[in-house]
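*Asks:* Got a sequence here, can you build the structure:
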Amino acid sequence: MTELIPYIIWEKQEGYLCAQHCINSLLQGEYFTAVELGEIASNLDKAEQAALREGTTESTENLQHDETPQKSQNMDDSVCRDTKDQPEDEPAYICNLAEHWFTLRKFGGHSSRWYNLDSLLNGPKYISPTYLGMLLKQLENE
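*Replies:* Purely as a prediction, here's the structure:
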């Protein structure tokens, strides 16, 4: 299954840019720079805080010192539950372990062509559909 490796876009870890490498590996192109992702994150933070404050009379300037705005509700684990039976049927996974982001991605539409695109590795690494399920279970447990 290594015949695809020369054609897979994979980025080597630089500094703390694992999220950038993860996204670019997922999309299979050099679509985002660290500066662009920083601007996107800043804009999302501002928009989210504005949306969370909407309908209230308080703004963040008026909050007491120990008060914080409402927490984000960006995660829905019901999607994860739906994929556990046949994880190889999904196109890709964005994973986070100990503040490190990496991509597991299927290529060619075949459930047997999965690769770990972790920027800390020496390159893309083939993983079998069986190992994919075991790896996802291990990541969930950790």
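
*Asks:* where exactly do the helices run in the protein?
*Replies:* Under the criterion DSSP state H, the chain contains helices at 18-27, 34-53, 78-83, 129-141.

*Asks:* Using CSV, please lay out those together with distance to S119.
*Replies:* Heads up, the C-betas are built off the backbone N, CA and C, glycines and all. Shown next, in CSV, are the helices of the chain (distance: least, C-beta to C-beta, whole Å):
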stretch, distance to S119
helix 18-27, 4
helix 34-53, 13
helix 78-83, 23
helix 129-141, 16
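
*Asks:* Compare those helices and say which comes out lowest on pLDDT.
*Replies:* Among the helices of the chain, helix 78-83 carries the lowest mean pLDDT, at a mean of 62.

*Asks:* mind checking how far E36 is from G109?
*Replies:* 29 Å (C-beta to C-beta, to the nearest Å).

*Asks:* Just give the nearest non-adjacent residue to T2, would you?
*Replies:* In space, and not counting its chain neighbours, T2 is closest to Y126: 6.0 Å by C-beta to C-beta, 6 or more residues apart in numbering.

*Asks:* My error: substitute I23 in the last question.
*Replies:* Residue nearest to I23 in three dimensions, not counting chain neighbours: F32, with 5.6 Å by C-beta to C-beta, 6+ apart.

*Asks:* what's near enough to touch that neighbour?
*Replies:* Going by C-beta atoms under 8 Å, 6 or more residues apart in numbering, F32 touches 20, 23-24, 40.
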